[in-house]
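Asks: sequence plus the predicted model coming up.
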Amino acid sequence: MHTTTSHTPESKKRSGEHILIKMTYIAKNVDLDSGIELTRALEYWRRYFEKNDIVSALVISEGYFVQSFQGTRPSINTALEKILDEHSAIFPNIVNIEEIESRQWNGFLVKHLTSSAEDEEYALKSFSAGSDYNPYLMTSTQIESFLTAVFEDADSNKS
């Protein structure tokens, strides 16, 4: 019996294909409006990430982006280069890059926080450094906790 796998043999893994990376960044939306342009950009990135086996969690609120994406070292490096090249006007600020054992997210998760009471709880409850939501004032630990809190329901629903 012959079993075929899609895994690359260890001797061929020369670019870190076997290492998973999580990268989190924050950015201010200065280019895209909240309508059709933003929807098109999100669909573009969903397809790009899916094609490159990258999972992502993205929160959009009050003109800010907070995004964590996870994939192999080469795919994350290529995605970062693409973001910087194609969306230089958003000025992404990397807040965390680390190697991980497994992916935390499942697919391309997007949450658009509004001024509703539930969303305000996410945005302000111990994650913000002031009275207004501003991820630039948050520490990397606060940002990671914020993403986990926002998407914990989606994470628990994936089983």
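Replies: Ah, there it is.
Asks: point to the helix or strand of this structure where mean pLDDT is at its lowest.
Replies: helix 117-124 (a mean of 59; mean pLDDT, DSSP states H and E).
Asks: now do the following helix or strand past it: distance to the chain's middle.
Replies: Going down the chain from helix 117-124, the next helix or strand is helix 140-156, by DSSP states H and E. Centroid displacement of helix 140-156 relative to its chain, using C-alpha atoms, centre = their mean, to the nearest Å, is 11 Å.
Asks: tell me which strands and helices helix 140-156 is in contact with?
Replies: In this structure, helix 140-156 makes packing contacts with strand 20-28, strand 55-61, strand 64-72, strand 93-100, strand 108-112, helix 117-124, judged by 3 or more C-beta pairs under 8 Å, 6 or more residues apart in numbering; DSSP states H and E. In this view, the C-beta of every residue, glycine as well, is placed from N, C-alpha and C.
Asks: tilt between it and strand 20-28?
Replies: Interaxial angle of helix 140-156 relative to strand 20-28 (axes from the mean of the first three to the mean of the last three C-alpha atoms, to 10 degrees): 110 degrees.
Asks: and helix 140-156, what's buried?
Replies: Neighbour-count burial for helix 140-156, counted by 16 or more other C-beta atoms under 10 Å, picks out Gln142, Ile143, Glu144, Phe146, Leu147, Val150, Phe151.
Asks: on that earlier part again, can I get the helices and strands packed on helix 140-156 in a markdown table including mean neighbour count and distance to Met138?
Replies: Listed next are those as a markdown table, based on neighbours: other C-beta atoms under 10 Å; distance: least, C-beta to C-beta, whole Å:
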| stretch | mean neighbour count | distance to Met138 |
| --- | --- | --- |
| strand 20-28 | 20 | 8 |
| strand 55-61 | 22 | 12 |
| strand 64-72 | 22 | 9 |
| strand 93-100 | 13 | 8 |
| strand 108-112 | 17 | 16 |
| helix 117-124 | 14 | 10 |
